[in-house]
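S.K.: next come a sequence and a model predicted from it.
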Amino acid sequence: MSKVADPAVGLTQEVIDRTIESTFEHCQHGVAICVRKYMGDAISVEAEGCYITSEDGSRYLDFNAMQGVANLGHRNPEVVAAVTRQLNVMPQHAWWRFHSVAQAELCELLAQVSPGNLTRSSLFNAATEAIEAALRTSRAMTGRKRYISCLGSFHGNTLGSLSVCGIAPNTAPLVPLLPCDRIPYGDFEAFNRIASREHSAFIIEPVQSTTHVMPPDDFFPKVRARCDELGIHLIADETVSCLGRSGRLFGMDHSGIAPDFLIMGKGFSGGVIGASACLYTEAVAEFLLTLPYMFHGSTFGGNELACVAAKTAIDITLRDRIPQRVSELSSYFRDGLQAVADEFPSIIKRVHVFGFYGQVDFFDVLQTAWVTLEMHRKHKIIFYVIPIMDFNIMEVLLQKYLKDQQPPDPKVAASAATFTRFKLMPPLVAGREEFDRFFAGLRSSLTTLSHISPEEFAKLAPELEKFFFA
């Protein structure tokens, strides 16, 4: 697909053509296909604040915050400056031979701001590594082999993290995995029925990333008491919810309950360098002393660059009162989305906003595809489109597949997931200007769609069907 360079962005036509060709020939193929479908082979050349600039000079509003990584905006100048200073001094740490100022300062700050008595931290590169650390530590500490997680949960793509994933299509090609029992999200009665002294840990997202909802108010207090009674560790996966997206510094702050392990990732390091953390109690730290030193070892985990980036990001979050800002602007986000939805009741089924988590649900999958393309290509606004999933059906289909070794009926499988949901995660520094641009783009797209006759739309259907399903 031919692309035209804008001389102002500094890419030659030769570089653009070669980039697209090499991406399809040598990079992960699924990503290449996805970019072409949504963006028509756009190439990112610069990012700043809430915006990403492409090779033709177009400026895209990022309402995905790079999957929740760019909470403080792309290329936050303070984080970039801190990392640059460290880069010119010592980028990597000297494992096990020298103390690190950057690491000590970060871990001290984490102990001060985290809920409960999470006084220790192990540092990694990606959140799935931190989750693996929590899972294996809990298993070693309790001697128990089973876990509990929630239907619809996502915790990463390594084998241990996938074992506690609650999305059946993600795990089906890899079974059997580590033994894990799953409950509907936020259902204490289900948790109470299944929890036993065979389980080492219960892992849960305080705000579920696939649905953007929290459990009932009494869920975490009851779960904490039951976990204490049975000796089950509570692992809070705050990969997405840490540092303000819910309107509190941590998602667990809404309940006032402290976990035994807390996972931080994505926006943890200010969107500049990969970093994650597994926070835990002193009791866990004392147990780790009985294990080999490298039980939580990571070659690049806790490196100097990541530590200064993360500490700077947390300092900015606290100084600028980012959680309070999110809480105050959340109503503007919600009311604006609802106002647009009210204008198009035959197209939009519902909207949902919690903090800076947002969703727009459509009635029709092909209309969802059309609006998605209009928003991305015409209005230059990017976000995720995800399926609305019936996790119970998916789990039943997975168990049936394991038993019969036969693929499920395609119609039944299709009924369990429909691509009719916009997943919105704007940067936490987004203001009314960015929200207004999103509302205007969505309203314009829906207005244009509403003026397309059924006959005209039917002609578009074959191409739109390829958008999600080809």
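M.R.: In hand now; what should we look at? This is a predicted model, so every value here is computed, not measured.
S.K.: state the phi and psi torsions of Val69.
M.R.: Dihedral pair for Val69: phi -80, psi -40, per degrees, to the nearest 10.
S.K.: need the per-residue pLDDT for it.
M.R.: Per-residue pLDDT puts Val69 at 96.
S.K.: for it, the count of nearby residues, please.
M.R.: 21 (other CB atoms under 10 Å). C-betas here are computed from N, CA, C, even on glycine.
S.K.: next one: Ala461
M.R.: 12.
S.K.: what sits against it?
M.R.: Leu366 (CB atoms under 8 Å, 6 or more residues apart in numbering).
S.K.: tell me how far it lies from Ser255.
M.R.: Shown here: Ala461 relative to Ser255, a distance of 46 Å by CB to CB, to the nearest Å.
S.K.: surely Phe24 and Ala32 touch.
M.R.: Yes - counting by CB atoms under 8 Å, Phe24 does reach Ala32; the two are 4.9 Å apart.
S.K.: so, low pLDDT: which residues of this protein?
M.R.: Applying pLDDT under 70 to the chain flags the ranges 1-9, 391-394, 397-416, 469-470.
S.K.: one more pass at 80, please.
M.R.: Low-confidence segments of the chain, defined by pLDDT under 80: 1-10, 94-96, 168-169, 172, 293-294, 389-417, 468-470.
S.K.: where does the nearest residue to Ala133 once chain neighbours are set aside land in three-state SS?
M.R.: Leaving aside its sequence neighbours, Ala133 sits nearest to Cys278 (CB to CB, 6 or more residues apart in numbering; 4.5 Å). At Cys278 the chain is in strand, as set by DSSP: H, G, I helix; E, B strand; the rest coil.
S.K.: let's number from 23 now, not from 1
M.R.: With the count now opening at 23, the last piece we talked about shows up as Cys300.
S.K.: so what sits opposite Cys300 in the bridge?
M.R.: Counting by DSSP bridges, Cys300 forms beta bridges with Ser144, Ile285.
S.K.: burial count for it?
M.R.: Per other CB under 10 Å, the neighbour tally for Cys300 reads 28.
S.K.: distance of Leu140 relative to Gly182?
M.R.: Relative to Gly182, Leu140 is positioned 21 Å away (CB to CB).
S.K.: the two - which one has more neighbours?
M.R.: Leu140 (25 against 20).
S.K.: ok, the more buried one - contacts?
M.R.: Taking CB under 8 Å, 6+ apart, one finds Leu132, Ala133, Ala280, Pro281, Phe283, Leu284, Leu301, Tyr302, Thr303 in contact with Leu140.
S.K.: quick one: which of the residues you listed has the most company?
M.R.: Of these, with other CB under 10 Å as the count, Pro281 tops at 32 neighbours.
S.K.: which phi and psi does it have?
M.R.: When read as degrees, to the nearest 10, the backbone of Pro281 gives phi -80, psi 180.
S.K.: give me the nearest residue to it, chain neighbours excluded.
M.R.: Ala258 (3.9 Å).
S.K.: wait, a strand at that neighbour?
M.R.: Yes - counting by three-state DSSP, one finds Ala258 located in a strand.
S.K.: follow-up on the earlier one: the more surrounded of Phe46 and Ala54?
M.R.: Neighbour count, other CB under 10 Å: between Phe46 and Ala54, Ala54 has more, with 17 against 14.
S.K.: and the more buried one, helix, strand or coil?
M.R.: helix.
S.K.: hang on, it packs against Glu43?
M.R.: No - Ala54 is not in contact with Glu43 according to CB under 8 Å; the separation is 10.3 Å.
S.K.: surely Gln360 touches Ile370?
M.R.: No - with contact defined as CB under 8 Å, Gln360 does not reach Ile370; the gap is 9.5 Å.
S.K.: which one of these two has more residues nearby?
M.R.: Ile370 (24 against 15).
S.K.: check contacts around the nearest residue to that one once chain neighbours are set aside.
M.R.: Nearest residue to Ile370 in three dimensions, chain neighbours excluded: Ala363, at 4.2 Å (CB to CB, 6+ apart). By CB under 8 Å, 6+ apart, the contact set of Ala363 is Ile370, Arg372, Val373, Val382.
S.K.: follow-up on the earlier one: nearest to Val197, of the contacts of Leu140?
M.R.: Of all the contacts of Leu140, Val197 sits closest to Phe283, with 25.1 Å by CB to CB.
S.K.: quick one: the residue nearest to Ala155 from Ile257, how far?
M.R.: 9 Å.
S.K.: and for Pro113?
M.R.: 31 Å.
S.K.: out of those two, which sits in the busier spot?
M.R.: It is Ile257, of Pro113 and Ile257, that has more neighbours when counted by other CB under 10 Å, with 30 against 13.
S.K.: doesn't Ile226 make contact with the more buried one?
M.R.: Yes - judged on CB under 8 Å, Ile257 makes contact with Ile226 at a distance of 7.3 Å.
S.K.: tell me the secondary structure for Pro448?
M.R.: Under three-state DSSP, Pro448 comes out as coil.
S.K.: follow-up on the earlier one: how many neighbours does the residue nearest to Pro281 have?
M.R.: 31.
S.K.: now do the shared contacts for Cys300 and Ile257.
M.R.: Ile153, Ala156, Phe283, Leu284, Ile285.
S.K.: phi, psi of the third one?
M.R.: When you say that, I think you mean Phe283. Torsion angles, degrees, to the nearest 10, at Phe283: phi -130, psi 140.
S.K.: if I look at Ala190, how far off is Arg168?
M.R.: Distance from Ala190 to Arg168, by CB to CB: 18 Å.
S.K.: with Tyr379 instead?
M.R.: In terms of CB to CB, Tyr379 sits 30 Å off from Arg168.
S.K.: repeat for Val111
M.R.: 46 Å.
S.K.: which one's more surrounded, these two?
M.R.: Between Val111 and Arg168, Arg168 has the larger neighbour count (other CB under 10 Å), namely 18 against 9.
S.K.: state the distance from that one to Phe376.
M.R.: 31 Å.
S.K.: Asn139 now?
M.R.: Distance from Asn139 to Phe376, by CB to CB: 27 Å.
S.K.: likewise Leu327?
M.R.: The spacing between Leu327 and Phe376, counted by CB to CB, is 33 Å.
S.K.: kindly report the same for Phe176.
M.R.: Distance from Phe176 to Phe376, by CB to CB: 17 Å.
S.K.: more neighbours: the two, which one.
M.R.: The neighbour comparison of Phe176 against Phe376 (other CB under 10 Å) goes to Phe176, with 22 against 18.
S.K.: enumerate every residue touching that one.
M.R.: Going by CB under 8 Å, 6+ apart, the list of residues near Phe176 reads Cys187, Gly188, Ile189, Asn192, Glu227, Ser231, Thr232.
S.K.: pick out the most distant pair among the residues you listed.
M.R.: Taking CB to CB, no two of the contacts of Phe176 sit farther apart than Asn192 and Glu227, at 14.8 Å.
S.K.: who's more crowded, the two?
M.R.: Glu227 (28 against 14).
S.K.: that one touches Cys264, doesn't it?
M.R.: No - using CB under 8 Å, Glu227 is not in contact with Cys264, being 10.8 Å away.
S.K.: intersection of neighbour lists for the two?
M.R.: Shared contacts of Glu227 and Cys264 (CB under 8 Å, 6+ apart): Gly273.
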